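> Only the shape, not the letters, is given here:
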């Protein structure tokens, strides 16, 4: 799979995908919504609970991390 939009650095988190390939993306703790917001290809996807599966609309789904671990 092509992992366009991957970001490596202090603000990135590597999340598992439905293809069992990790994808490293920018992640931000969202105080207002109490979520972990993942930035991928100019879109923002919200992780609201542990293990949530988020469909990115780009042919890959992300598995959210434990929210307590990223906060």
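Yep, it's here. Quick caveat, the model's predicted, so the values are computed rather than measured.
> how deep is the residue nearest to residue 58 when sequence neighbours are not counted tucked in, by neighbour count?
The shortest distance from residue 58 to any residue other than its chain neighbours is 5.9 Å, reached at residue 41 (C-beta to C-beta, 6 or more residues apart in numbering). For glycine as for every other residue, the C-beta is placed from the backbone atoms N, C-alpha and C. Neighbours of residue 41 under the rule other C-beta atoms under 10 Å: 11.
> So residue 41 sits against residue 5, correct?
Yes. Taking C-beta atoms under 8 Å as the definition, residue 41 is a contact partner of residue 5 at 4.4 Å.
> where's the residue nearest to residue 58 relative to residue 12, distance?
Taking C-beta to C-beta, to the nearest Å as the measure, residue 41 falls 14 Å from residue 12.
> Now residue 69. Its backbone dihedrals?
When read as degrees, to the nearest 10, the backbone of residue 69 gives phi -70, psi -30.
> So what's the residue count around it?
The burial count assigned to residue 69 is 9, neighbours taken as other C-beta under 10 Å.
> tell me the centre residue of the chain?
Among the residues of the chain, the one closest to the centroid is residue 38, at 4.0 Å (C-alpha atoms, centre = their mean).
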